[in-house]
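Q: got a predicted structure plus its sequence, pasted below:
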Amino acid sequence: MLGLRTTWQAREYILAMKKYSGIKTMQIIGEIRYADAKSKGVGNHSTSNEDILRELIFKILH
């Protein structure tokens, strides 16, 4: 159904499902899209890509 070919992939998928709810996953995707836009200069003229990445990682982990 998910196209997982090995048990390792299935284990990783199950671990991720336990850690991140569907809502949290959608929030993370939104943050990735926002960071992508900022890295392309949308609404951002002075923040470095390094700072954008740090902010994204923080938001994903917290």
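A: Ah, there it is.

Q: and for residue 25, the neighbour number?
A: Here the number of neighbours of residue 25 (other C-beta atoms under 10 Å) works out to 13. In short, each C-beta sits where N, CA and C put it, glycine included.

Q: what helix or strand does it sit in?
A: Take DSSP states H and E as the rule and residue 25 turns out to sit in helix 22-39.

Q: and if you look at residue 58?
A: Taking DSSP H and E as the definition, one finds residue 58 inside helix 49-61.

Q: who are the packing partners of the helix holding residue 25?
A: For helix 22-39, the helices and strands in contact under the criterion 3 or more C-beta pairs under 8 Å, 6 or more residues apart in numbering; DSSP states H and E are helix 49-61.

Q: can I get the helix it packs on in PDB, CA atoms only?
A: The C-alpha trace of helix 49-61 is given here as PDB (Å, rounded to 0.1, in the frame of the first residue of the first chain):
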ATOM      1  CA  ASN A  49      19.800  30.900   4.500                       C
ATOM      2  CA  GLU A  50      21.700  29.500   7.600                       C
ATOM      3  CA  ASP A  51      19.400  31.300   9.900                       C
ATOM      4  CA  ILE A  52      16.300  30.200   8.000                       C
ATOM      5  CA  LEU A  53      17.400  26.600   8.300                       C
ATOM      6  CA  ARG A  54      18.100  27.000  12.000                       C
ATOM      7  CA  GLU A  55      14.700  28.400  12.600                       C
ATOM      8  CA  LEU A  56      13.100  25.600  10.500                       C
ATOM      9  CA  ILE A  57      14.900  22.900  12.400                       C
ATOM     10  CA  PHE A  58      13.900  24.400  15.700                       C
ATOM     11  CA  LYS A  59      10.300  24.500  14.700                       C
ATOM     12  CA  ILE A  60      10.300  20.900  13.500                       C
ATOM     13  CA  LEU A  61      11.900  19.700  16.800                       C
END
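
Q: thanks a lot, see you next time.
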